[in-house]
Structure formats: C-alpha cells, structure tokens
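Chemist: Take a look and give me a structure for this.
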Amino acid sequence: MSDIDENTVRKIARLARIHLEEKEVAPYTKELSNIMDWVAQLGELDTENVEPMTSVSDIQPSLRKDEINDGNQVEDVLVNAPESDHGFFLVPKVVE
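Modeler: Next up, the predicted model:
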C-alpha cells in the first residue's frame with residue numbers, strides 16, 4: 001500500500017482548492033492509496049517493445065495537398081457586393 005496519509009490528503013485538497021470535511025479525509029486516504037497502487041502496477045509492465053501511439057487505429061486520413069489559392073470563386077463572392085471592380089470590393093473612402 002502507498003504512503004498516503006491524512007495529512008497528504010489534506011495537502012492535496014488544499015492545493016486543488018477542494019473543501020473536505022474531516023469525516024471525508026479517511027475515505028479519500030484509502031481511495032488515493034488504491035489509485036497509487038494501481039499506478040505502481042502499471043509501472044511493473046514491460047513496455048520495451050511497445051510502439052508509442054497517438055490513436056487506437058492505424059488508419060491514416062487522406063490529406064489534400066496544402067496549396068494556397070483564391071478558391072477560384074471570385075464571381076460567386078462578388079455577387080453580393082454593392083460595387084466591385086476587377087475582382088475586388090469597392091468601398092467608400094473612410095480616411096481623409
């Protein structure tokens with residue numbers, strides 16, 4: 001069993017800004033000790049030949065080529081513009 005005592009539980013609760021009643025400290029002591037025991041069991045596993053993974057499946061998403069373009073939709077974009085000229089929005093002058 002791990003060395004989690006009531007003072008450690010109180011300190012963890014204070015650091016996490018969790019208010020614990022005095023009657024809650026003892027059950028959390030046992031619970032945190034059990035959690036630490038489970039973590040210790042994981043440390044005993046042999047993971048020498050296990051590849052690191054970022055996903056549970058090996059499926060690679062199909063990716064498009066990353067190209068910069070204007071979308072080739074100039075006419076569609078400008079259809080709602082009050083005024084346009086040579087593929088650009090015309091706006092009134094705001095600085096004099």
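
Chemist: number of nearby residues for Ile4?
Modeler: Ile4 has 19 neighbouring residues, counting by other Cβ atoms under 10 Å. In short, each C-beta sits where N, CA and C put it, glycine included.

Chemist: pull the longest helix from this protein.
Modeler: Assignment by DSSP state H gives helix 22-43 as the longest helix of the chain.

Chemist: Tell me the buried residues in it?
Modeler: By neighbour count on 16 or more other Cβ atoms under 10 Å, the buried set for helix 22-43 is 25, 28-29, 32-33.

Chemist: Tell me which two of those residues sit farthest apart.
Modeler: Val25 and Ser33 (12.6 Å; Cβ to Cβ).

Chemist: Quick check: phi and psi on Pro52?
Modeler: Backbone torsions for Pro52, taken as degrees, to the nearest 10, come to phi -60, psi 150.

Chemist: how far away is it from Asp5?
Modeler: 35 Å (Cβ to Cβ, to the nearest Å).

Chemist: So between those two, which is more surrounded?
Modeler: Counted by other Cβ under 10 Å, Pro52 and Asp5 do not tie: Asp5 has more neighbours, with 13 against 5.

Chemist: The more buried one reaches Thr29, doesn't it?
Modeler: Yes. Contact criterion Cβ atoms under 8 Å: Asp5 and Thr29 qualify, at 6.5 Å.
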